[in-house]
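S.K.: Test case, fold it:
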Amino acid sequence: MTFFDAHSDIWNDVTRRRQAGEREVFRRHHQERLKRGGCQGGIFAIWIEKEYGGREAERTGEIVSCVRAEAGEADFRIVRSMGEFRDTWKAGGFPVLMGAEGLAAIGADEGKLDIYYHDYGVRLAMLTWNEANALAAGAMSGEDGGLTGAGRRAVRRIRELGMVLDVSHLNEAGFRDVISLTGGPVVASHSNCRALCDVPRNLTDDQLRAIRDTGGVVGVNAFHGFVSADPARQTVEELARHAAHMAEVMGVEHVCCGFDFCEFLPGEGDCNVRGMRDCGEAQRFFRCLTDLGMSEQEQILIARENLLRVLERVVG
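M.R.: Numbering: from 1, shown residues only. Predicted coordinates for the structure are as follows:
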């Protein structure tokens, strides 16, 4: 089953390794595993962690610079439109849209989003990672306030530019504010179901329905701590149950893949569910969907068509 991943942190691995002197990181460390698992493209994020407090803009520039250098050596193509995405895929290439996982680097100046869109090619943006910043508070920040005035302006500018708005890391108050401001699809690129695993990064059924009502999608996340609080149930089978629960609550047309694989990041180790330890084993997820009674057509929707539909509507 060919699929597109709505969220990957491969750029951070590319940056870390290139800054240490390596080259052709994608080809040497990621390409074979992605191909083996059936991943043929997706959204790769500029992930700015809270440890970069004070130098988020500098770190963003470092990642973009490394990605551009890597693109000259690797078998992927950074695309800026869905026409380019589909053309690259149909020609046998590996299309990648740029995402932004956290916008701390812009401070309170929504005008800097134009740099992200025009210079960096970003087509999907999250206001925050797990931290609170000048725009909003993350789900793991411990803060319960909603969007700031700057955050509201940023949401409007994201819409005007034609970027997809991603709420995966927002706290609940920020989520509600985004939904109230929306003028189009909202996505949660890598979140699971609170009903099955009660952690702040997962979504309640009401939140799932709110995303559905915008025309958006939610990507299932393979990080073990978002799949079950019981270590014995942190499995690919349980991850498939999250997809099935989303389909029951929202309709299968609003579920996609946002696996958030992280085994290649320093210190993460066995961070993914058992039975799908990395992208190379992603087909096990689809076999679990078959075991749950999902048809091939339903799986195609989850694997790629739902995400493509939303991207084409917003990005064009």
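S.K.: Now stretch 68-86 - C-alpha only, CSV.
M.R.: The C-alpha trace of stretch 68-86 is given here as CSV (Å, rounded to 0.1, in the frame of the first residue of the first chain):
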residue,chain,number,x,y,z
ARG,A,68,18.8,22.8,0.4
ALA,A,69,22.3,21.3,0.3
GLU,A,70,20.8,17.8,0.7
ALA,A,71,18.3,18.3,-2.1
GLY,A,72,21.2,18.8,-4.5
GLU,A,73,22.5,15.3,-3.6
ALA,A,74,19.4,13.2,-2.8
ASP,A,75,16.6,11.4,-4.6
PHE,A,76,13.8,13.6,-3.4
ARG,A,77,12.2,16.8,-4.7
ILE,A,78,11.1,19.8,-2.6
VAL,A,79,7.8,20.8,-4.2
ARG,A,80,5.7,24.0,-3.7
SER,A,81,2.4,23.0,-5.2
MET,A,82,0.2,19.9,-5.5
GLY,A,83,0.7,19.9,-9.2
GLU,A,84,4.4,19.5,-8.6
PHE,A,85,3.7,16.9,-6.0
ARG,A,86,1.6,14.7,-8.2
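S.K.: all helices in the stretch 51-200 of the chain, in order from the N-terminus.
M.R.: Under the criterion DSSP state H, counting those that start in this stretch, the stretch 51-200 of the chain contains helices at 56-71, 82-90, 113-114, 149-161, 172-181.
S.K.: Mind giving me the packing neighbours of the first one?
M.R.: Contact partners of helix 56-71 among helices and strands, from 3 or more C-beta pairs under 8 Å, 6 or more residues apart in numbering; DSSP states H and E: helix 10-19, strand 39-47, strand 77-78. Any C-beta I mention is one placed from the backbone N, CA and C, and that applies to glycine too.
S.K.: ok, 7 Å please
M.R.: helix 10-19, strand 39-47 (3 or more C-beta pairs under 7 Å, 6 or more residues apart in numbering; DSSP states H and E).
S.K.: which outside residues touch it?
M.R.: 11, 14-15, 18-19, 25-26, 46, 48, 52, 78, 104-105, 120 (C-beta atoms under 7 Å, 6 or more residues apart in numbering).
S.K.: Dump the residues you listed to JSON lines, plus neighbour count.
M.R.: Shown next, in JSON lines, are these (neighbours: other C-beta atoms under 10 Å):
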{"residue": "W11", "neighbour count": "23"}
{"residue": "V14", "neighbour count": "25"}
{"residue": "T15", "neighbour count": "22"}
{"residue": "R18", "neighbour count": "20"}
{"residue": "Q19", "neighbour count": "12"}
{"residue": "V25", "neighbour count": "24"}
{"residue": "F26", "neighbour count": "23"}
{"residue": "I46", "neighbour count": "26"}
{"residue": "I48", "neighbour count": "26"}
{"residue": "Y52", "neighbour count": "18"}
{"residue": "I78", "neighbour count": "17"}
{"residue": "A104", "neighbour count": "23"}
{"residue": "A105", "neighbour count": "21"}
{"residue": "Y120", "neighbour count": "19"}
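S.K.: Just checking: the least confident one among these is which?
M.R.: In terms of pLDDT, Y52 ranks lowest among these, with 71.
S.K.: Please report how far it lies from S295.
M.R.: 44 Å (C-beta to C-beta, to the nearest Å).
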